[in-house]
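Trainee: Here is the input, now give the coordinates:
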Amino acid sequence: MPKPDQVVAAAGNVAHKVLYGGVADLRKMPRTLIDEGLLRQVYHYRPAGTATEQGDPVLLVTPLAAPSSCYDLRRGCSLVEHLLTHGHRTYLLEYGEVSFRDRNLGMEHWIEEVVPEAIRHVSEHAGGRPVHVVGWSLGGIFMTLAAADHGDLPIASMTIVGSPFDVSKVPMIAPLRPLLKLTDGTWGGVKSGGGPVTRVYRALGGAPKPFVRWAFQLTAAQKLVTKPIVKLQQLDNTEFLAQIEAVDAFTAAMIAYPGRTFGQLYHRFVKQNELVRGYLSLGEKRVELKDVTAPVLVFAGATDGIAPVECVRAVVPLLTGSPEVRFEVVPGGHLGMLTGRAARHTTWLVLDEWLRRWASDALPSSM
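Mentor: Okay, here's the model as predicted:
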């Protein structure tokens, strides 16, 4: 039987849901647009409270298809809020809405233009300081490939969060890869065979929002089925309910993939698993991960179903040009490791220490 204080708390949460639409504080941290281009929007967050900006800038790189709320999920569980509170100059790269007209854009657009231009603009906006770049999921892969392809970028350090570098280690994908290899052909310089997946994404111009949302939810299918029961059991737990509301809002805001980029991801990543071999082919050019020269911190989520631990760990031996590669396993699934309730005491604290370690002011002048 629930205790009296639990009944009161549950009644308060229900009333708040009915009267105000929920218990989560989903207000976003204030920000200003400082640069934009084709599917490139760079924002600078204004300092929080009495905190003043200091030191090197931190640029948060959003993955394709995911809204930027991954870094600013809700008040109290926002990496942006945490960085601002600690005085970091905080910036974010996002892409806006992807439409059918963008269907011919490939990964080259992000690796050769979007991410490098964002890093350069952030450095300039912060007075020429080097940039600490943080990328979650596909954002971490694009960030890493951009750094490998542009050795002159002003990068102080890199942080990869839950990025899948070896898809053969993903339980949902591994059994399908032999079947996928049975279809081959070409589209946009990428091998393809006109199989059912290829025909669908060509016809639609990419992966539309409903498909992206469904695929993300599928990775946590068991939680999705049991969520109504768990919510009833936790009806007195305001923090738990707020997190569910915030994640639901995040999932509802998923964005589409451009057609050619989706095709490259499907063929280069899923079918051919190129990254685990240390490179990515872009037309006649090969981007080598060994060309990354910045220090790299790599996070893997202990219960991540999209990018399991070994899938993420695969990048570590490939970064042979980096002065330091640090690998950390933290609690949480794909989103939870970045901005879950436990991340405040695990992921974020390790990131804080990493940013201090590789701050340009703290390094010997010879480095």
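
Trainee: Double-check residue 346 against residue 331; I have them as touching.
Mentor: Yes. Using C-beta atoms under 8 Å, residue 346 is in contact with residue 331, at 5.7 Å. Just so you know, the C-beta spots here come from the backbone N, C-alpha and C atoms, and that holds for glycine as well.

Trainee: Checking residue 140 next. Helix, strand or coil?
Mentor: helix (DSSP: H, G, I helix; E, B strand; the rest coil).

Trainee: which residues touch it?
Mentor: Contact analysis of residue 140 by C-beta atoms under 8 Å, 6 or more residues apart in numbering lists 61, 63, 159-163.

Trainee: out of these, which is most surrounded?
Mentor: Greatest neighbour count in the contacts of residue 140, by other C-beta atoms under 10 Å, goes to residue 161: 33 neighbours.

Trainee: so who does that residue touch?
Mentor: Neighbours of residue 161 in contact, by C-beta under 8 Å, 6+ apart: 134-137, 140, 299, 337-338, 347.

Trainee: Name the member of those residues with the shortest distance to residue 84.
Mentor: residue 134 (13.9 Å; C-beta to C-beta).

Trainee: what helix or strand is the closest one on?
Mentor: Using DSSP states H and E, residue 134 sits in strand 131-136.

Trainee: Check which helices and strands that strand is in contact with.
Mentor: When contacts are defined as 3 or more C-beta pairs under 8 Å, 6 or more residues apart in numbering; DSSP states H and E, strand 131-136 sits against strand 54-61, helix 115-125, helix 138-149, strand 155-161.

Trainee: Format those as a markdown table; extra columns: distance to residue 74 and mean pLDDT.
Mentor: Output for these, formatted as a markdown table (distance: least, C-beta to C-beta, whole Å; pLDDT from 0 to 100):
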| stretch | distance to residue 74 | mean pLDDT |
| --- | --- | --- |
| strand 54-61 | 16 | 96 |
| helix 115-125 | 25 | 98 |
| helix 138-149 | 20 | 96 |
| strand 155-161 | 18 | 98 |
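
Trainee: Looking at those, which is nearest to residue 251?
Mentor: Comparing these by C-beta to C-beta, helix 138-149 comes nearest, at 16.1 Å.

Trainee: between the closest one and strand 54-61, what angle do the directions make?
Mentor: On the basis of axes from the mean of the first three to the mean of the last three C-alpha atoms, to 10 degrees, helix 138-149 is oriented at 110 degrees to strand 54-61.

Trainee: Can I get helix 138-149 in CSV, CA atoms only?
Mentor: Listed in CSV are the C-alpha atoms of helix 138-149, where the atom choice follows Å, rounded to 0.1, in the frame of the first residue of the first chain:
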residue,chain,number,x,y,z
LEU,A,138,26.2,10.3,-35.5
GLY,A,139,27.3,13.8,-34.4
GLY,A,140,30.4,12.2,-32.9
ILE,A,141,31.2,10.3,-36.1
PHE,A,142,30.8,13.4,-38.3
MET,A,143,32.9,15.4,-35.8
THR,A,144,35.7,12.7,-35.9
LEU,A,145,35.7,12.5,-39.7
ALA,A,146,35.8,16.3,-40.1
ALA,A,147,38.8,16.5,-37.7
ALA,A,148,40.5,13.7,-39.7
ASP,A,149,39.8,15.4,-43.0
